[in-house]
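Q: below are the sequence and a predicted model for it; my questions follow.
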Amino acid sequence: MKIGELSRRTGVATRLLRYYEQQDLLHPDRLPNGYRDYPESSVQRVQQIRDLLQAGLSTDVIREIVPCFLGAGAELRPMVDPELAANLARELGEIERRIETLTRNRDAIRDYLAVASQTVPGHRKTPAA
């Protein structure tokens, strides 16, 4: 299929599909006229890439792991690979550290807002909506 059809079927802009190709995530064939020719499996591959990007993985990590997965979306299933598992464990640890930091920051801001929105004697503050 041509890039326009892949774009329509996946909801991903052609420019982004070209970027995925530049990042070595998609591998279309080239027709004699220079057009990209994507195999049917590219639809599922684009869905995998989108899912993994939404999970917070970089294109470098995705390039390494996407060939090791089958399916997409709720049907995404890994193939067993000890090196892949170690890399994913590192990525998971980093994501969890970022979540912990964001949670601490959120809680600190929430505490500050709770104190700042209390009525001060002689002044009346209205809590932020």
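A: Yes, it's here.

Q: have a look at this protein and report its longest helix.
A: Across the chain, the longest stretch assigned as helix under DSSP state H is helix 82-116.

Q: which of the residues in it are buried?
A: For helix 82-116, a neighbour-count test (16 or more other C-beta atoms under 10 Å) marks 84, 87-88, 91 as buried. All C-beta spots, glycine's among them, are computed from the backbone N, C-alpha and C.

Q: output the below-cut-off pLDDT ranges for this protein.
A: Applying pLDDT under 70 to the chain flags residues 67-81, 119-129.

Q: how is it divided into domains?
A: Following automatic domain parsing, the chain resolves into domains at 1-79, 80-129.

Q: please identify the most buried of those domains.
A: Scoring the domains of the chain by mean neighbour count under mean count of other C-beta atoms under 10 Å gives domain 1-79 as the most buried, with a mean of 15.

Q: any idea how far stretch 92-111 is from the chain center?
A: In this view, stretch 92-111 has its centroid 19 Å away from the chain centroid, taken as C-alpha atoms, centre = their mean, to the nearest Å.

Q: so where do the helices sit in the protein?
A: Assigned by DSSP H, the helices in the chain fall at 3-10, 14-22, 41-54, 59-65, 82-116.

Q: quick check: the residue nearest to Gly4 when sequence neighbours are not counted vs Gln44, distance?
A: With sequence-adjacent residues excluded and distances taken as C-beta to C-beta, 6 or more residues apart in numbering, Gly4 is closest to Thr14, at 6.4 Å. Plainly put, Thr14 is 18 Å away from Gln44 if you go by C-beta to C-beta, to the nearest Å.

Q: re earlier: do I have it right that the residue nearest to Gly4 meets Lys2?
A: No: with contacts counted by C-beta atoms under 8 Å, Thr14 stays clear of Lys2, the gap being 9.5 Å.

Q: just to revisit the earlier point, centre of the chain versus the longest helix of the chain, how much separation?
A: Distance of helix 82-116 from its chain centroid, counting by C-alpha atoms, centre = their mean, is 16 Å.
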